[in-house]
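**Q** Predicted coordinates and the sequence they were generated for:
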Amino acid sequence: MKFKKALITGITGQDGSYLAEFLLKKKYIVHGIKRKSSSFNTSRIDHIYDNKKYKNKFFLHYGDLSDANSLIEIIRSVQPNEVYNLAAQSHVGVSFQLPNYTTQVNSIGALNLLQAIKDSGFSKKTKFYQASTSELFGEIQEKKQSEKTKFYPKSPYATSKLFAYWITKNYRESYGMFASNGILFNHESPRRGETFVTRKITIGLSKIIYGLEKCLYLGNIYSLRDWGHAKDYVEMCWKVLQFKRPDDFVIATEKQYSVKFFVEQCFKYLGIQIKWFGKGINENAKIIKFNQTKYPNLKKNMTVVRISKKYFRPNEVSNLIGNANKAKRLLKWSPKRSIQHLIKEMMDSDLELIKKIYISQN
């Protein structure tokens, strides 16, 4: 039996690790590209790499999206049936601080990978998936954003991803490559980076529970997002490349929640009642009711959430919600996990993580 081979960039990230698991269950041979660095960054995939049953099915290669020659070498060596470009500098806030680096990785990186497939002679043999983003829409042009909605990027991150989106379409149309874009709306999990707001909330509240911090500081808590689970979304990435022709698809839950709602639902799951006070930059949340026995480090009327100007973006995107009708209709896909499931999973994971730190310090 001949197994399909997949090559994943960004395999050490949230999406890359879940996609690797998904494809291995589908009997793929999975290859991943990771950057050579002075620090270990493989925690999300160590359980795969160390699993004996994947000894001849999971491989890692050193490479960099800014190094076209290394990409050509890897493509020729692996000869993948499918390439998933998930590597990116994906933090919107950081992109304002590092616009050049963000552009090199997100824009030129996608171009280098597409050109490497072409130069290696695999343009007719290898399917290519580009991870696009809902941040492309930026300034809202429609109530729900679909594949036909005009783009209006409002950050260096979104602008760099816009180039990657269009260069993917360009290579598809110019060279007949099977190259598709998945326009993913926000998707979270316990493997989300700690600087992203959902993970910042769940890990921040866990630290407050164990007395390691006293307060969580946030920016615009009225930003509205379409949040899904990363596991649902990586399945969709695969479905995009199994479709009969290359195309572009919005991947979204079509449900929208504010950052404030996410915070409230986390406290609700913990069994802690909070109340909001003040307005604008002075808005804050205090603990009103809780179980003292269960949470000995908390106090009544303790301020647990504050607003900080530090966490506001220079150019805010305040309202995103996707229209995934095309994906549902053509790819027979719909998200399986609710936001409550997501919050439970993230809170449980981070409570356990911070508990270990608390115990080690005490």
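**A** That came through, no problem.
**Q** how about the helices of the stretch 201-350 of the chain, start to end?
**A** Read by DSSP state H, counting those that start in this stretch, the stretch 201-350 of the chain holds these helices, from start to end of the chain: 230-242, 259-270, 325-331, 339-361.
**Q** Those: which one's closest to Leu205?
**A** helix 259-270 (5.6 Å; C-beta to C-beta). For every residue, glycine as well, the C-beta is placed using N, CA and C.
**Q** Determine how far the closest one lies from the middle of the whole chain.
**A** 20 Å (C-alpha atoms, centre = their mean, to the nearest Å).
**Q** what bits of the stretch 1-150 of the chain have low per-residue confidence?
**A** Scanning the stretch 1-150 of the chain with the threshold set as pLDDT under 70 gives 1, 37-40.
**Q** Swap in 50 and give it another go.
**A** Scanning the stretch 1-150 of the chain with the threshold set as pLDDT under 50 gives 38.
**Q** Strands of that one, residue ranges please.
**A** Under the criterion DSSP state E, counting those that start in this stretch, the stretch 1-150 of the chain contains strands at 5-9, 29-34, 58-62, 82-85, 127-133.
**Q** Tyr358: what's it in contact with?
**A** Tyr358 makes contacts with 210-212, as judged by C-beta atoms under 8 Å, 6 or more residues apart in numbering.
**Q** Can you check which of the strands of the stretch 1-150 of the chain gets nearest to Lys332?
**A** strand 127-133 (17.8 Å).
**Q** related to what we said a few turns ago, of the contacts of Tyr358, just the buried ones, ChimeraX syntax please.
**A** Selecting in ChimeraX just the buried members of the contacts of Tyr358, where the criterion is 16 or more other C-beta atoms under 10 Å, is done with this command:
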select :210
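**Q** Arrange the contacts of Tyr358 in TSV, one row each, with distance to Leu23 and pLDDT as further columns.
**A** Converted to TSV, the contacts of Tyr358 look like this (distance: C-beta to C-beta, whole Å; pLDDT from 0 to 100):
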residue	distance to Leu23	pLDDT
Tyr210	37	96
Gly211	41	95
Leu212	37	95
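**Q** Pick the most deeply packed of the helices of the stretch 201-350 of the chain.
**A** Comparing the helices of the stretch 201-350 of the chain on average neighbours per residue, with mean count of other C-beta atoms under 10 Å, the densest one is helix 230-242 at a mean of 21.
**Q** Point out the other helices and strands that that one packs with.
**A** Contacting helix 230-242 under the criterion 3 or more C-beta pairs under 8 Å, 6 or more residues apart in numbering; DSSP states H and E are the following elements: helix 14-25, strand 82-85, strand 127-133, strand 179-184, strand 187-188, strand 248-251, helix 325-331.
**Q** run the last query once more with 7 Å
**A** Under the contact criterion of 3 or more C-beta pairs under 7 Å, 6 or more residues apart in numbering; DSSP states H and E, the helices and strands touching helix 230-242 comprise helix 14-25, strand 127-133, strand 179-184, strand 187-188, strand 248-251.
**Q** Output the helices of the stretch 201-350 of the chain in a markdown table; the columns should cover distance to Gln115.
**A** Output for those, formatted as a markdown table (distance: least, C-beta to C-beta, whole Å):
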| stretch | distance to Gln115 |
| --- | --- |
| helix 230-242 | 19 |
| helix 259-270 | 39 |
| helix 325-331 | 28 |
| helix 339-361 | 37 |
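**Q** Can I get those in CSV including mean pLDDT and distance to Ile72?
**A** Below are those laid out as CSV (pLDDT from 0 to 100; distance: least, C-beta to C-beta, whole Å):
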stretch, mean pLDDT, distance to Ile72
helix 230-242, 97, 21
helix 259-270, 98, 42
helix 325-331, 97, 31
helix 339-361, 94, 39
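**Q** quick one: which of those helices is nearest Asn170?
**A** The minimum distance between Asn170 and the helices of the stretch 201-350 of the chain falls on helix 230-242, with 17.8 Å, by C-beta to C-beta.
**Q** quick one, that closest one and helix 14-25 angle?
**A** Between the axis of helix 230-242 and that of helix 14-25 there is an angle of 60 degrees, by axes from the mean of the first three to the mean of the last three C-alpha atoms, to 10 degrees.
**Q** hmm, back to that, point out the one among the helices of the stretch 201-350 of the chain that comes closest to Gln97.
**A** helix 259-270 (20.8 Å).
**Q** who does the closest one touch, helix- and strand-wise?
**A** Judged by 3+ C-beta pairs under 7 Å, 6+ apart, helix 259-270 is in contact with helix 197-209, helix 339-361.
**Q** Now with 10 Å, please.
**A** Helix 259-270 makes packing contacts with helix 197-209, strand 216-218, strand 224-225, strand 257-258, strand 273-277, strand 284-289, strand 303-307, helix 339-361 when contacts are defined by 3 or more C-beta pairs under 10 Å, 6 or more residues apart in numbering; DSSP states H and E.
**Q** Which strands or helices does the fifth one pack on?
**A** Identification of packing neighbours for strand 273-277 by 3+ C-beta pairs under 10 Å, 6+ apart yields helix 259-270, strand 284-289, strand 303-307.
**Q** The residue of the chain positioned farthest from its centre and Gly271: what is the separation?
**A** Each residue of the chain has a distance to the centre, and by C-alpha atoms, centre = their mean the biggest one is for Thr293: 36.4 Å. Computed as C-beta to C-beta, to the nearest Å, the Thr293 to Gly271 distance reads 12 Å.
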